[in-house]
Every structure is written in C-alpha cells, then in structure tokens.
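>>> I would like to see how this sequence folds:
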Amino acid sequence: MIGIGADLVQVDRFRSALDRTPRLRERLFRPDERMYAERAVDPAQRYAARFAAKEATLKALGLGLGAMALYDIEVVRESSGRPILCLHGKAVETAMEAGVTQWQLTLAHTDRVAHATVVAL
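All right, here's what the predicted structure looks like:
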C-alpha cells in the first residue's frame, strides 16, 4: 500500500459554495461527473461525495489541496454502479511517480455529510 486518504464534506456547506460560485462545477468536475450529479434530486450530495474523493486521493498521495487540479481526478461509475477513479493530466504523472498501479475507492453520503476513502496501491 502506498497511501490511504479519507475526507468528509458537509453537504449544506458544499451546496452553498456551489450556489455562490456557479463556475465551481466546471472547475472541479468533469462533464460526466456533472451529468451524473445533476440527475439527482439533490445534486449537492453527489458533488460533495465526489469532492471528498478528490481530496482523499490527494491525501492518499501524501499531497494537499493545490498540488494538482481537482478536475484531473475523476470519479467514474462502472456499469455495476461501483465508483472508481480515473486520473488525467498531472494526476496521472504524480500517481505514476508515486508507484500507484491501482486505486480503491468508497463513497457514502447522507443528506448532511459526504465521505470518501481512497487507497493507493
């Protein structure tokens, strides 16, 4: 194991951030992530869970916010519904330099809190 990261995001707080800064969606989330989130009754829950996954990924790599564009870390759903990470740009390079060959991801959310755990192997 190379690293593990976990993150919690308050859904209401994230909803407020999205409302205050409408372009935040485009800056943080790839088109498929946005399309998936916007299909929900409350998109903020799905956005918050994906944001938590992006931060947990940074933590699993031993990095902090600002180390790379969060847009380069994408949460994709397999046909089974299982969430997986798909990296782009600098995130790919950084993971390769760290020796990561596999990721494990789990997401959970309630109406109040979103959680993600990421393991870099």
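
>>> Which residue ranges of the protein form strands?
Counting by DSSP state E, one finds strands in the chain at the ranges 3-10, 73-77, 83-87, 103-109, 113-120.

>>> buried ones in the first one?
So that's strand 3-10. Across strand 3-10, burial judged by 16 or more other CB atoms under 10 Å covers Gly3, Gly5, Asp7, Val9. (C-beta placed from N, C-alpha, C; glycine too.)

>>> Relative to Leu58, which of those residues is nearest.
Nearest to Leu58, judged by CB to CB, of the buried residues of strand 3-10 is Gly5 at 6.7 Å.

>>> Just to check, the closest one is in contact with Leu105?
No: counting by CB atoms under 8 Å, Gly5 does not reach Leu105; the two are 10.0 Å apart.

>>> what touches both of those two?
Ala56, Thr117, Val118 (CB atoms under 8 Å, 6 or more residues apart in numbering).

>>> Now Gln10: closest residue in space that isn't a chain neighbour?
Nearest-residue entry for Gln10: Val113, 6.1 Å, with adjacent residues in sequence omitted and distances by CB to CB, 6 or more residues apart in numbering.
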